[in-house]
Every structure is written in C-alpha cells, then in structure tokens.
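**Q** Here's my sequence, what's the structure:
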Amino acid sequence: MLTTRFVDGAPNWIDVGTPDIDAAGSFYGSLFGWRFRSAGPDAGGYGFFQLDGRTVAGAMRTGPGQGPPAWTVYFRSEDARATAEAAEQARGSVLFPPTDVMGEGRMAVLADRAGVPFGIWQPGMTEGVDAAGEPGALRWVELYTPDVAAAAAFYHRVLGLETSAGRPGGTYTCVNPAGAGEDAVFGGMVPLADAPDEADAYWLPYIEVEDTDAVVERARRLGGTVRAPAVTVAGVGRVAKLADPNGARFAVIKSEVPGP
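**A** As a prediction, the model looks like this:
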C-alpha cells in the first residue's frame, strides 16, 4: 500500500493541471476538505492542496496548448536526469526535461511507449506528499494501457517496477517497487480492452475516502462527472471514477483494508 515511507519507483506526488485554480480549489475543498495554498509569487501559479495542514497534492494553472485538464502521477527517482534518459532509451519520451524546483527537488514529465504522461520527482528538501493511504490522500494508482506486457517492460526498465498477478480469474496486474515485495504494491495495470469505460491510456490516481457513495453524490452536486458509479470490488473496497468540473479524471476508494 502507499505510505509516505517513499522508495524509488513508488508514487510520491500528484498534481492537477487546470485552467481555473479557484474553481479547482472550491471543488476539491468541498469534496475532500482540501485547502489550496499558493507556493508563492515565484512559483508560476503553482500551489498545494492541504488537509489538516499536510500537503496531499499540488495544482497548477494551465493555458491553451498545454493539454486538457488532468492529474499527473509522479514517481520517486534518485536521479531525474538518468530516469529521463532511461525513458528515451526504452522508446518513451521526455515531455518536460528535468528541472530544479526552488531547491525542493527536481522534476520531469515523461511519457511511456504508449504516450502516457507521468512525472518524476527527485527529492530535495521535499520528499513528497505529507500523507498517503488515508482518507483525503492518495491511496492507489492505475495505468490504463493498450499493452500491459509492453508497459510492464517499460516501467521495469525506467523505474525498476515489478509486476505480479492481481485478482484471481482476471487480467489485473499489480505493481510494486523493485525488491519491495507484494506488501509494497501501490497500483495496477489494466488493458484498455478490458475497460469499456476508458477510451484512452493514462495514469489514474485514487483518493481514499470514508464513504464512496457520499463522495460520488457530493461530486455530482458540485458539478463533477460520475464516469463510473460506485461498485464494490471484493477484497479491494468500494470504488468510483469521477472527473472534476474541468474534466480532470480521478477515482475514489473506500478500502477494505485500513490504511496506515
């Protein structure tokens, strides 16, 4: 499961790109109790979503030509430049090159062989989010991809990720950091052919909640979209897929197994 004891290859940050920071702050504040805090005048409009004073995600204003509103999942790297080079060697691409972020760390945005964007965060003063695996924080990530085998090979080469069979009788593939074992599973890979509610390949972040159905109804009232209604997955929990009013996709989960 995800915790803030981050290891290389595990998610350690998420952020949303949106054309309207104020609207996003209002939506996620009402949905999860998050409060938006600007990172300051030198941060280009970037800021943090916080819950009880702890940072759980980031947010940045995006303009025309910067792609549709979307959440980005970042993975921990000891060396962002080396990881970017590995992505290119593995037939991925570098969408935003490794860049220092005011001493807090180094970030890059890459794409896998299927063109799916993902982020890299090399810690400096900031290791990652302050909370994970608990209500209001990131709990799980999921890759929708046209080719699970190719994706598994790519992320193994670039991030050292390992995969294992998921749910019995299904085609779900679990993902964990190298050498960390199944107790460190943080996400999964799903073939697009088995996901009729998904039209394209992307990384989907799941936020832990205390009541999935209540959050779904609240998202609808706040102008969000219910992309897949709440359903109980045996051995996992109750999940639903949503989108905020600007179209950024995310999911929520009330886990069957308690968090840390």
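
**Q** Show me the shaky parts of this structure.
**A** Scanning the chain for pLDDT under 70 picks out the ranges 166-170, 181, 258-260.

**Q** mind running it again at 50?
**A** 168 (pLDDT under 50).

**Q** Sort out which residues of stretch 96-106 are buried, please.
**A** 98, 101, 105-106 (16 or more other Cβ atoms under 10 Å). From N, CA and C alone the C-beta is placed, and that goes for glycine too.

**Q** what's the answer for stretch 232-248, then?
**A** Applying 16+ other Cβ under 10 Å to stretch 232-248 flags 236-246, 248 as buried.

**Q** next one: stretch 173-190
**A** Neighbour-count burial for stretch 173-190 [16+ other Cβ under 10 Å]: 173-177, 180, 184-190.

**Q** Looking at those residues, which are in strands?
**A** 173-176, 187-190 (DSSP state E).

**Q** Of the residues you listed, which is the nearest to A43?
**A** G187 (28.2 Å; Cβ to Cβ).

**Q** Disregarding flanking residues, what is the spatial nearest neighbour of the closest one?
**A** Once flanking residues are discounted, G187 sits nearest to V141: 3.9 Å by Cβ to Cβ, 6 or more residues apart in numbering.

**Q** Against Y46, how distant is E142?
**A** E142 is 25 Å from Y46, where distance means Cβ to Cβ, to the nearest Å.

**Q** So for these two, which residue has more residues nearby?
**A** E142 (22 against 17; other Cβ atoms under 10 Å).

**Q** Pairing partners for the helix or strand where the more buried one lies, with directions?
**A** If you go by DSSP states H and E, E142 is part of strand 138-145. Strand pairing for strand 138-145, determined by DSSP bridges: strand 187-191 (parallel), strand 202-208 (antiparallel).

**Q** continuing past it, what's the next helix or strand?
**A** Criterion used, DSSP H and E; the element after strand 138-145 is helix 148-159.

**Q** ok now that following helix, how far from the chain's centre?
**A** 17 Å (Cα atoms, centre = their mean, to the nearest Å).

**Q** That helix: which residues count as buried?
**A** Residues of helix 148-159 classed as buried: 148, 151-152, 154-156, 158-159 (neighbour count, 16+ other Cβ under 10 Å).

**Q** cool, and stretch 139-148?
**A** 139-145, 147-148.

**Q** Just the closest of these to G40, please.
**A** Nearest to G40 among these, with distances taken as Cβ to Cβ, is V141, at 28.2 Å.
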